[in-house]
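Enquirer: any chance you can model this:
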Amino acid sequence: MLAQQLFNALSLGGVYALFALGFTLVFGVLGVINLSHGSVFMLGAYAALQAATRLHWPLPAALAFAFAFSGAVGWLIDALVLRPLRARNAPHLAPMIATIGVGIALNSLVQGLFGAQNQRFPVALLPQQTLHVAGLDVTALELGIVLLAFVLMTVLLLALQRTQLGRALRAIAESPRAALLLGIDVEGLFRLTSFVAAGLGGVAGVLIGLYSNALFPLMGQPMLHKGIAVIILGGMGDIRGAMLAGLFLGFAEVLSVAYIGSTMRDAVGFGLLFLVLLLRPRGLFGSLQERKV
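Expert: Take a look at the predicted model:
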């Protein structure tokens with residue numbers, strides 16, 4: 001049924017977009033491609049799982065814990081890795097290489113603590129009700145994933161566009177030096193950006209873990225590849241583009257599985273991304289301009 005496939009694509013694309021939002025937020029504000037973001041995504045899923053199984057917290061509380069825990073990890077990565085590199089005016093490749101190392105270390109740590117086998121959220125934790133919405137049979141869990149992903153994206157977009165904090169972040173994205181001269185706490189907002197971006201990535205990890213019913217230490221690696229593709233397609237550093245490109249990739253994957261086959265999912269999705277970039281190399285909304293200093 002086409003309508004059911006479109007709903008599945010909407011839910012998957014919403015999670016992709018949520019993951020890419022954190023990715024593109026860090027790039028837009030800090031000017032860094034954080035290649036440990038996939039590992040932070042995985043940590044969020046495991047944090048929620050531990051909160052649910054060991055502390056017996058309900059799913060909303062586990063989601064909040066995942067956001068806080070992942071955000072704290074993102075804050076630490078900024079404080080211990082990215083900030084020293086900024087202070088030394090390190091070349092642009094240095095943060096990428098450093099965050100690759102951080103990501104590998106986090107993956108190894110989780111694998112050592114929990115093993116490499118798949119883990120799942122307890123069945124009792126997940127809502128099992130089936131709802132009839134606009135002629136579709138969807139579970140309460142699937143509907144919750146869609147709503148949460150889109151609520152978080154909307155809140156972030158409105159905060160960036162209509163608040164004083166959002167204006168300060170946009171000023172930093174244009175020129176950190178000029179923002180500092182205007183009295184903006186640049187380093188403080190760098191840390192806040194790292195916290196929020198990592199928190200969004202952690203929540204996306206929980207949603208993917210719920211959607212696929214599988215958690216494992218390397219689950220962030222394929223998501224990292226998709227996140228890079230999404231932010232390039234959407235336009236480097238552009239929030240609107242990340243949202244639309246994430247949805248685009250979700251629709252491409254789900255429809256290819258439904259009508260071509262699961263083995264061609266990534267080939268179709270990334271092939272379409274490649275064709276779009278051939279026609280519009282700057283992405284949907286981005287200009288790919290050099291960042292001002």
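
Enquirer: where in the stretch 1-150 of the chain is pLDDT low?
Expert: Regions of the stretch 1-150 of the chain meeting the criterion pLDDT under 70 cover residues 1, 128, 133-134.

Enquirer: residue boundaries of the strands in it?
Expert: The residue ranges that make up the strands of the stretch 1-150 of the chain, judged by DSSP state E, counting those that start in this stretch, are 130-133, 136-139.

Enquirer: quick one, what contacts the residue in the chain sticking out farthest from the centre?
Expert: With distances taken from the mean C-alpha point of the chain and given as Cα atoms, centre = their mean, the most distant residue is residue 181, at 31.5 Å. With contacts taken as Cβ atoms under 8 Å, 6 or more residues apart in numbering, residue 181 has no neighbouring residues. Bear in mind the C-beta positions are built from the backbone N, C-alpha and C, glycine included.

Enquirer: can you tell me how far it sits from residue 189?
Expert: 15 Å (Cβ to Cβ, to the nearest Å).

Enquirer: again, but for residue 64
Expert: 23 Å.

Enquirer: neighbour count for those two, which is higher?
Expert: Set side by side, residue 64 and residue 189 show more neighbours around residue 189, with 19 against 15, by other Cβ atoms under 10 Å.

Enquirer: I'd like to know which elements the helix or strand hosting that one is packed against.
Expert: Secondary structure assigned from DSSP states H and E places residue 189 in helix 186-212. If you count contacts as 3 or more Cβ pairs under 8 Å, 6 or more residues apart in numbering; DSSP states H and E, helix 186-212 packs onto helix 2-30, helix 37-53, helix 59-77, helix 83-87, helix 140-162, helix 164-174, helix 176-181, helix 220-234.

Enquirer: tell me which other helices or strands the second one touches.
Expert: Helices and strands touching helix 37-53, as assessed by 3+ Cβ pairs under 8 Å, 6+ apart, comprise helix 2-30, helix 59-77, helix 93-114, helix 186-212, helix 220-234.

Enquirer: now swap in the third one and tell me
Expert: Using 3+ Cβ pairs under 8 Å, 6+ apart as the contact test, the elements touching helix 59-77 are helix 37-53, helix 93-114, helix 186-212.

Enquirer: now do 7 Å
Expert: Helix 59-77 is packed against helix 37-53, helix 186-212, with contacts defined by 3 or more Cβ pairs under 7 Å, 6 or more residues apart in numbering; DSSP states H and E.
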